[in-house]
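K.L.:
this is a predicted model, with the sequence first.
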Amino acid sequence: MAIRDGKLWAAANNFLYQFTLPPTGPATDRRLLVEDKNKAWNPFGMFVLEWEPDGLLCMSVGDHQVKLVGPTNTLESRGRSGVITRMKPDGSDMELLTQGFRVPYSFEIDPFGQLWLLSNGEGNPNRFARIIEGVDYHCFTRNLDGQPHWLAGRHRLSPPAFELPGGAHTQLLRYYDAAYPRDYQGSLFLDNWGRHGFTGANRAVFRYVTDDRNDVVKTEPFVSCGDPHFRVSHILLDPQGNMLLADWYGRDDESDLTGRIWRIRYTGGDAAAAAQKVETPDWSQEASAVAALGSPSGAIRSQAVERLSARGTAAIPALRGRAGSGEPLGAAMALWTLSRIGTTDAKAGLAAGAAHADWKVRR
């Protein structure tokens, strides 16, 4: 599911629906946006929905001969490959971001536009990939000599990927928020539901730390549990930036009504000193709203993008100036806001980002 502006989007195997979501009552007004004409064996159809910072909707689809039909175009995979696609919220103008994965269940688009992806294997490696948009990562799309060697990123010409431990990796997020200490910024959190069966290894949330060039340099457990029923199915952030953890809490695939949701807060002895200061913007002032694009709080950054986008052309000069200089996160959000405004002047303003000192913004 994905929720925004009183609407709910839901993926159901070979259908992507949109509903109206009233504040008091069940969803209504079901509308079919996209249909996969080559229905997959469940659960290898449509998987996860994620919003890009510019308001476009991204969706992962499991491996089969994908044929997605939307209101304006059709998108097909090469061979029986899993894909990531991007579209407008009404399902129109679908784009293929990447393909060549078995089960690209979980993915994340970070504030700097980098697409990260986890794909579960079976007969090929579980993979963690830093996506180069448009690149085919070769699982089930081409016949390759030494295929596992290539897919796991061990060949010198492989696209950026490496092998993950066994199990079903079902959620990924990159942390840019205010609830955890500053050294957590940019960390990638991966959860592992584990293998089928009652007991198994790696049923936990792991933290992957990257360096200044986005290479993973450190891996460590973040949340684990000795109870064999504990199984992490998804992780999300609450509005304050704390992690919410969905715990399947069952023996295997059965639904035994014992699932739980946990909230994980930072409680170190230095919690007060480690907390990042979050300023409350004065939304009536353009300068305050522009400054809020670089807030440590993801919720405030999102609200700043929405409010400045609503200002339209009046906000373009300030956004253009912010995109070319200053703290990198705020500059990146200024670029997303210009993209969302979408006028000719706003698109021209995107060029300001090419002058920024930080390579992530220029990228």
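P.N.:
Now that the structure is in, tell me what you want to look at. What you are looking at is a predicted structure, and each value in this text was computed from that prediction instead of being measured.

K.L.:
going forward, measure contacts between C-alpha atoms and count neighbours the same way
P.N.:
OK.

K.L.:
please export the C-alpha coordinates of stretch 314-326 as CSV.
P.N.:
Backbone C-alpha positions of stretch 314-326 (Å, rounded to 0.1, in the frame of the first residue of the first chain) are rendered in CSV as follows:
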residue,chain,number,x,y,z
ALA,A,314,6.8,32.3,-7.2
ALA,A,315,9.1,29.8,-5.4
ILE,A,316,11.5,29.1,-8.4
PRO,A,317,14.1,31.8,-7.7
ALA,A,318,14.6,30.8,-4.1
LEU,A,319,14.7,27.1,-5.0
ARG,A,320,17.2,27.7,-7.8
GLY,A,321,19.5,29.5,-5.3
ARG,A,322,19.1,26.7,-2.8
ALA,A,323,19.8,24.0,-5.3
GLY,A,324,23.2,25.4,-6.2
SER,A,325,24.7,25.9,-2.7
GLY,A,326,24.5,25.1,1.0
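
K.L.:
buried ones in that stretch?
P.N.:
Residues of stretch 314-326 classed as buried under the neighbour-count rule (16 or more other CA atoms under 10 Å) are 315-316, 319-325.

K.L.:
ok, stretch 227-244 next?
P.N.:
Taking 16+ other CA under 10 Å as the neighbour-count basis, stretch 227-244 is seen to contain the buried residues 229-237, 240-244.

K.L.:
so what would you say the end-to-end distance of it is?
P.N.:
Length of stretch 227-244, first residue to last, CA to CA, to the nearest Å: 19 Å.

K.L.:
who touches the host helix or strand of D345?
P.N.:
Here D345 is covered by helix 344-349, with elements defined by DSSP states H and E. If you take CA atoms under 8 Å, 6 or more residues apart in numbering as the criterion, helix 344-349 is touched by 313, 316, 319-320, 338-339.

K.L.:
save the residues you listed as CSV, and put in secondary structure and distance to A299 too.
P.N.:
Putting the contacts of helix 344-349 into CSV (DSSP: H, G, I helix; E, B strand; the rest coil; distance: CA to CA, whole Å) gives the following:
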residue, secondary structure, distance to A299
T313, helix, 23
I316, helix, 22
L319, helix, 19
R320, helix, 22
L338, helix, 19
S339, helix, 19
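
K.L.:
turn those residues into JSON lines, columns for pLDDT and distance to V103.
P.N.:
Formatted as JSON lines, the entries for the contacts of helix 344-349 read as follows, by pLDDT from 0 to 100; distance: CA to CA, whole Å:
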{"residue": "T313", "pLDDT": "96", "distance to V103": "42"}
{"residue": "I316", "pLDDT": "98", "distance to V103": "40"}
{"residue": "L319", "pLDDT": "98", "distance to V103": "38"}
{"residue": "R320", "pLDDT": "97", "distance to V103": "39"}
{"residue": "L338", "pLDDT": "98", "distance to V103": "33"}
{"residue": "S339", "pLDDT": "96", "distance to V103": "30"}
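
K.L.:
closest to P71 among those residues?
P.N.:
Sorting the contacts of helix 344-349 by distance to P71 puts S339 at the head of the list, at 22.4 Å, by CA to CA.

K.L.:
which residues touch the closest one?
P.N.:
With contacts defined as CA under 8 Å, 6+ apart, S339 is in contact with 54, 346-347, 350.

K.L.:
distance of it relative to I235?
P.N.:
In this structure, S339 lies at 28 Å from I235, with CA to CA as the measure.

K.L.:
could you do L319 as well?
P.N.:
In this structure, L319 lies at 32 Å from I235, with CA to CA as the measure.

K.L.:
for T24, same thing?
P.N.:
From T24 across to I235, the span is 26 Å (CA to CA).

K.L.:
center of this structure, which residue is that?
P.N.:
The geometric centre of the chain, computed from its C-alpha atoms, lies nearest to E108 (CA atoms, centre = their mean), at 2.1 Å.

K.L.:
next one: the residue nearest to P148 when sequence neighbours are not counted from K277, what distance?
P.N.:
Distance criterion CA to CA, 6 or more residues apart in numbering; nearest residue to P148, sequence neighbours excluded, is N124 at 5.8 Å. If you measure N124 against K277 using CA to CA, the figure is 45 Å.

K.L.:
neighbour-wise, which of those two wins?
P.N.:
Set side by side, N124 and K277 show unequal neighbour counts under other CA atoms under 10 Å, the larger going to N124 at 17 against 13.

K.L.:
pretty sure H169 contacts R195?
P.N.:
No. Contact status for H169 versus R195: not in contact, 9.6 Å apart, counting by CA atoms under 8 Å.
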